[in-house]
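[1] model the structure of this input:
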Amino acid sequence: MTPHQARHRAYAAAPAPVILPSLLGCDFAHMADELAALAQSGAHVAHLDVMDGHFVPNLTYGPPVIKGWRSASNLFFDAHLMIADPTRYYQNFIDAGCDQLTIHIEAVPNPAELLHAIRAAGIAAALSLNPPTPLEAITPYLDLVDQVLVMSVMPGFGGQSFDPVARPKIRTLRALKPDLAIAVDGGIKAANAGDIVADGATHLIVGSAIFGAPGGYRDALDAIRAAGLSGSGATRE
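    Numbers count the residues shown, from 1 in each chain. Have a look, this model is predicted:
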């Protein structure tokens, strides 16, 4: 089994709901230590926020930086490509060691060819949509993806509040594809994780509630997962 296959197996076996720490809140001066701390705290995956300053009004990092992180960690790398031209650069992210690439329907309105190419390379493919984008924009492609990412904030910056417009999208996706992996990104914390999981989410991308938590990473991860499992107080809007 290759390291890539081993990471896929560990990600698939991660306890539900799967918590994906969003590295935007990390201490970038000590990333090897941060990645090790996440793994020791029970994380199985790292969510990589790739921003180009065009598709979103912020800049983060790209394949050379991710390649360095890959050599320091065996976590599953889910690269969220918030970039204007993922077709041009997707192979660079695969070569850097990413295990899943998430592209945006707003950047690639007809993503079938790119999704096929990503999966043909042996990498998981995910498709994301922003809060204003109707769910119908991605439904023709549900059979081509390993995961859908429903944005509950406009991408580009961490620390935003959860937008409830995501909730009916999650519920509709769950009804359409009962076995679909549904990730949600933006404003997730222990206080709302139960509702989001009750709606049908299986994967929760969390930044501030982990890296800004007063306790350690393990306590934050455990609290959010426990809240998601409970589904307590879930409402149907």
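[2] the strands in this structure, which residues?
    For the chain, applying DSSP state E gives strands covering 18-21, 45-51, 76-82, 100-104, 124-129, 147-151, 182-185, 203-206.
[3] mind putting those strands into a markdown table with mean neighbour count and mean pLDDT?
    To be clear about C-beta, it is placed using only N, CA and C from the backbone, and glycine gets the same treatment. Below are these laid out as a markdown table (neighbours: other C-beta atoms under 10 Å; pLDDT from 0 to 100):
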| stretch | mean neighbour count | mean pLDDT |
| --- | --- | --- |
| strand 18-21 | 28 | 96 |
| strand 45-51 | 24 | 97 |
| strand 76-82 | 26 | 98 |
| strand 100-104 | 27 | 98 |
| strand 124-129 | 22 | 98 |
| strand 147-151 | 25 | 98 |
| strand 182-185 | 26 | 97 |
| strand 203-206 | 26 | 96 |
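[4] distance check, residue 69 against residue 217.
    The gap separating residue 69 from residue 217 is 17 Å, by C-beta to C-beta, to the nearest Å.
[5] ditto for residue 88
    As for residue 88, its distance to residue 217 is 35 Å (criterion: C-beta to C-beta).
[6] over to residue 150?
    From residue 150 to residue 217 the distance is 24 Å (C-beta to C-beta).
[7] also residue 35?
    Taking C-beta to C-beta, one finds residue 35 at 11 Å from residue 217.
[8] next one: residue 98
    22 Å.
[9] pick out whichever of the two has more residues nearby.
    residue 98 (26 against 19; other C-beta atoms under 10 Å).
[10] just give the closest residue to the more buried one, not the sequence neighbours.
    Of all residues not flanking residue 98 in the chain, residue 79 sits nearest, at 4.2 Å (C-beta to C-beta, 6 or more residues apart in numbering).
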